[in-house]
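[1] Okay, structure incoming, though there's no sequence with it:
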């Protein structure tokens, strides 16, 4: 083991000869190893190619992180596995989901952060086998362990994030409402969705194309019978204000004559089996080969394919099935059929039946497949299983790099199902195939900050749930809980109840419309906070414990800080007409109600029961903080970011750095700074407002809505060009 | 439709010619039908043999009941199906579980209770398809609809319960701790469990035998190789203070020479197929026949079989797999294997694969099986599907009636997995194969009152969860949440982590021991309240809304009233060190802590955050109520109910009617009255205590621990024979 000091608080411990995952941007090659290595926090045990790190947990230690996984913000009591898995039933006992996120932060008397840079399987037993022990089992001996020893947890996270580089920036329209289903499978069906959204005045920026838009599930094809003249259709929808977002799957259909298949075989771009033949598995298209995204030239080749669709006018993609998901292989299916045949005629007993059952269940989630599949890394043939967790990451990297080449100055929407640390530089992710369960609203809330910590910023869950049938109430509450998620998409599975906001009774549709309008109004704040987090390695979603040090804030699992100004505490329980909220400092409760004026109330620190009818949404504005709003419109392009509203809770002095940019080009990379500084000084119910524009952003008017700790409310208009303030009614 | 008035508030509407389920004891034949029928609450729609009842829900209506099902105390927003189903994964979307419980109570501006006496499938769409409508779909046209129109919801429940007769009374030892696992499969394994329980001072009354104690899963056999000299072993365990509780499954193994099989075939006691041959399906024993429990003579025959085990000294049973569960039939397996064969060699495409997958998944939960299976009712051959929901009920009735004949004066422990309304007269139930999920602690809490409403009183969930692996914390919290469930059993599945309280770290075992001791201390109160509920058609578990009419009590889903004196508000969230509690009136918080003295605190009405470390358990004692305790022991037989402790919270005057009996005979049927009346009058910190013994119960000493609203604490000893009071330190 060698060790390197990267920073006063950051140390790298290199075990053996690690595989280069490229998850981080840190130029490790320039480092000088230290002689004396100390890693006092862990007991290290190696055996049979396995490395076990054991950490003694103190009673008060909380373990936060690990990205996409079930369980709480505090993962203590769980076993989590980092091994990308397509499992559509996210029950509380599931150990692995789609992503593999090997970072965690221990918060207690002393704080410690770690990142394990390793592309294979790792298991985290966090006080499950023994309450006082965290046992990390690494399926190998070659890996990098980064240790972050900051006093402040948020600083530790920022250090880790800094190693990953600047985060992915989607176009601004990607913060609008997006409507999806498996599948809107014809142009007319998509038109029907668009018609309904506009007819019911439901703001919407994008409609999704799931696997059925393709010709027999072949990537980079469009079924001309379902979508005749696709180019014109994309244009038609764009004129109506909707971007179309097609899905791209990892597996390439085996079909001679299909150019992607032909080229891949010709150039040896596919993963191979033990005999160096392209590896075969079945997914949606039937038999497929998997591109070997580990090879730079394969990434380049695959990335270029996206141009087929961008040439049609497409501006966004979602990469799916890239764990990679395998339904079955020739071998697993063959073994199963053989067993079934053996059972025939025989008076099959229970034992035979259970063997058959096990074989059947192993068809899809067959670890053997990943052991028989191989990839090439710098001429070395590697068992896929060893670097399994990089697959979705590299597919998405291929897409991002390919798209960048198509138009280097344009931002595309891109997100993926599977992921690995570092993918947050290239794209976002969604949390996969959740269910229309109330429990999954809470699961979403808990996952958001854990994903942010790993650099995944453009994130969201399928609103309303993917599997299962959503009740009207569930969709309303889930929409409320998602108000501030960067990716805001209603998505549902084939065979389930229609889940578009217009597919329910009139009241429900209206209630959701109200919330969509609120979402759009919030986009200036959401965008500002998102971009600041992406550019400055910061968290968009934070557990309360990252900013408040009181005892109760350490425990809260169902409230989050969002950006620097907001605390969210949504309702996630069926039939609830209120919830308990921990308010760690004085805050301003902003309640919106359908068909009524908004309500504002100063809330004292402490425990509160907050009453919230089904059509009521609440956000808390922190003290001496503000949020920036704009008037909603039917899509982001139609919004006017020139006239803003600032909602502030001021006790003395509040400042806010507002970020904005053109929302479509990559110019943001050149100038990462705040575009407007707002300072509000309060004395009783008098306010002094200073607005400083940092660059040539065109903002003409700002309407201020101000509340002081006495609960007094004041409104005023600020004219940017003249600097004049016109006071409204207090 | 005919209608009958059963009571000022209870009406029966008879649709067509209903099947006699015998779920109720009401002598319906003496009723005189009324001419004019009015059922204004429902729209009735009949079509194709289906009856649909539609009820308009008001905004504030809550729908409570429906027994064993997922979802909240308030079922609004859900679809629930009454169709007994062996589904071991109780995810939030599951519509049917093991029992079929067709009663519900609508609580709103006006209250309404209904019971649908119908043995086939019923679906309840409670504001799911449309928020304002409850749509009940009955798979037939012949059924009884009972309508309860009481102003008071609790009275409506009592009226319904009265129609079912007196509830099942288990022996008193059945309120002790019980230890189970699938499977303690040898006598030595059982001894090891007993040794560990005693060695760690973990009180325990019973150890369970799951399917592996049998010879090849044949009911009423004992595998002599695993349990040599079973009679002596039962005796040995009894002497050590443990009852053994064997499982009985519904299916009878097909094995010529096995007397149960031979007799059943000979006497035509089994369910039949379309060709009148015994119906064949596969369950644990492999191929089985199912006894036709609909026939009285079959019930008598099967009930008599239990004597094989009672002759060994067995005093309790659990009936399982009696939905009845079917793993596969010859036909479903054959179809599947045929399809698998067809796939061989063929370049199997996705479509074939999904057909195969569907066929495989349909093997077990195959509705066709229930349509091909038939039963005989009064010489009429009936498709099992039509009366499916009665199967487990009638199996358990067979057991209860059989056991009663073996020893009419002895109480046996008996509970079942599947159930139908009315089974509560004969036995208890457990909530089936839950999981080691935190969410399932809450599910248990929500299910308890709903089961009670249907007359199921001896109930409990598998503590720690059946499927999946329990973490130490989970088991501790689940044990706390179960403190007052009549059936108190830790049970876990094969292949999961060992879940006995001694299978964890020392601290966890100690924390659970503390709670087991508390459980035993509470048995006088539990037993008193249980028996009163059984004898007087009352609820042991109640939602808060049944006694408190404030707005918030209507909504509370995670607190219950238990008996007349206690409110429970357990912790069911991972890593939580406290929870919010709604306290609807002034109560006394009684907190027990491992290795510390108990704490008492008067809590004002309102919302509270209650801090509770992992080893802390809290119960709330209601105002002017009391609970009766005894000293714990290693099992119930060793407890001394002669010396009691009364814990009371007195503001003026508190009274309590204490029920007790011998706990083993059926003499309780003769004398149903309260055995002791306690009256405590309080003036400041002075108390006047009156104890009136109603019959020859031997109670010698009562220790009183009294708190007044000022939080002042007083202790005194009451000598029953002399009537003297000795005051302790105040």
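    Yep, it's here. Note that the coordinates shown come from a computational prediction; the quantities given were computed from them, not determined experimentally.
[2] Moving C-terminal from the helix or strand hosting residue A:198, which element do we reach first?
    With secondary structure defined by DSSP states H and E, residue A:198 is part of helix A:187-199. As assigned by DSSP H and E, the chain's next helix or strand after helix A:187-199 is strand A:206-209.
[3] That following strand: partners in the sheet, and parallel or antiparallel?
    Note on strand A:206-209: by DSSP bridges, its sheet partners are strand A:178-179 (parallel), strand A:243-249 (parallel).
[4] That strand: what's the following helix or strand?
    Using DSSP H and E, the next helix or strand after strand A:206-209 towards the C-terminus is helix A:230-239.
[5] ok, and for that following helix, which residues are buried?
    The neighbour-count check on helix A:230-239 (16 or more other CB atoms under 10 Å in any protein chain shown) flags A:230, A:233-234, A:236-237 as buried. C-beta here means a position set from N, CA and C on the backbone, and glycine is covered the same way.
[6] Rebuild these as TSV, extending it with distance to chain B.
    Listed next are the buried residues of helix A:230-239 as TSV, based on distance: CB to the nearest CB, whole Å:
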residue	distance to chain B
A:230	24
A:233	27
A:234	28
A:236	32
A:237	29
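[7] could those go into JSON lines alongside pLDDT?
    Output for those, formatted as JSON lines (pLDDT from 0 to 100):
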{"residue": "A:230", "pLDDT": "98"}
{"residue": "A:233", "pLDDT": "98"}
{"residue": "A:234", "pLDDT": "98"}
{"residue": "A:236", "pLDDT": "98"}
{"residue": "A:237", "pLDDT": "98"}
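[8] What is the neighbour count of residue A:686?
    Per other CB atoms under 10 Å in any protein chain shown, the neighbour tally for residue A:686 reads 11.
[9] can you pull up the bridge partners for the closest residue to residue A:264 other than its chain neighbours?
    Distance criterion CB to CB, 6 or more residues apart in numbering or on different chains; nearest residue to residue A:264, sequence neighbours excluded, is residue A:270 at 5.1 Å. Beta-bridge pairing of residue A:270 under DSSP bridges involves residue A:291.
[10] For residue A:270, list the residues it contacts.
    Neighbouring residues of residue A:270 by CB atoms under 8 Å, 6 or more residues apart in numbering or on different chains: A:252, A:264, A:278-279, A:289-292.
[11] got it, and residue A:725?
    So residue A:725 contacts A:689, A:716-719 (CB under 8 Å, 6+ apart).
[12] let's see it at 7 Å
    Counting by CB atoms under 7 Å, 6 or more residues apart in numbering or on different chains, residue A:725 touches A:689, A:716-718.
[13] quick one: average pLDDT of the helix or strand where it lies?
    If you go by DSSP H and E, residue A:725 is part of strand A:724-727. For strand A:724-727, the mean pLDDT works out to 85.
[14] With stretch A:513-526 instead?
    The pLDDT scores in stretch A:513-526 average 98.
[15] can you check stretch A:284-298 too?
    97.
[16] and that stretch, how far from the chain's centre?
    Here stretch A:284-298 is found 24 Å from its chain centre; the criterion is CA atoms, centre = their mean, to the nearest Å.
[17] and the contacts of residue A:725, which two are the farthest apart?
    Largest separation among these by CB to CB: A:689 and A:717, giving 10.3 Å.
[18] what does the stretch 251-400 of chain A have sitting close to chain B?
    Counting by CB under 7 Å from any CB of the partner chain, the stretch 251-400 of chain A comes close to chain B at A:282, A:284, A:286, A:327-328, A:333, A:337, A:340-341, A:343-344, A:348-350, A:353, A:360.
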